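Novice: what's the 3D shape of this:
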Amino acid sequence: MDGFIKVAETQKSIGELINIGSSMEISIEALTQKIFGLLGRQPEVVVEDKRIRPELSEVERLMANIEKAKKLLNWSPRISLNEGLDRTIVWIEKNLSFYHIDSYHI
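Specialist: Next comes the predicted model:
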């Protein structure tokens, strides 16, 4: 969140494309396993045909290049992936009413 605030507050960011991220890469599968580990669960991953995206449209891996954010904003991430996931899990557990797990919206 502080990265987005820094972009909004800094004149040097006007007209620039600036990546705000962790600067680390992780696959969706590895991220899923990490989340399961933090939850202390090993649920079965179910793949449904209606949720499969068209071939060549799915992004399997992402990594943000944050060099411009470091240079223009003097910004780098302060929270690790594990801490961010821990915080997210706590927030979701406290706000389950926002989620409709019985439906899937495309």
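
Novice: After the helix or strand bottoming out on mean pLDDT in the chain, which helix or strand is next?
Specialist: Lowest by mean pLDDT, DSSP states H and E among the helices and strands of the chain is strand 61-62, with a mean of 74. Next helix or strand after strand 61-62 toward the C-terminus (DSSP states H and E): helix 67-73.

Novice: neighbouring contacts of that next one?
Specialist: 3, 6-7, 10, 12-13, 16-20, 75-76 (CB atoms under 8 Å, 6 or more residues apart in numbering). Any C-beta I mention is one placed from the backbone N, CA and C, and that applies to glycine too.

Novice: which residues sit in contact with the residue most central in space within the chain?
Specialist: Centroid-nearest residue in the chain: Gly21, 8.3 Å away (criterion: CA atoms, centre = their mean). Counting by CB under 8 Å, 6+ apart, Gly21 makes contact with Leu62, Met63, Ala64, Ile66, Pro77.
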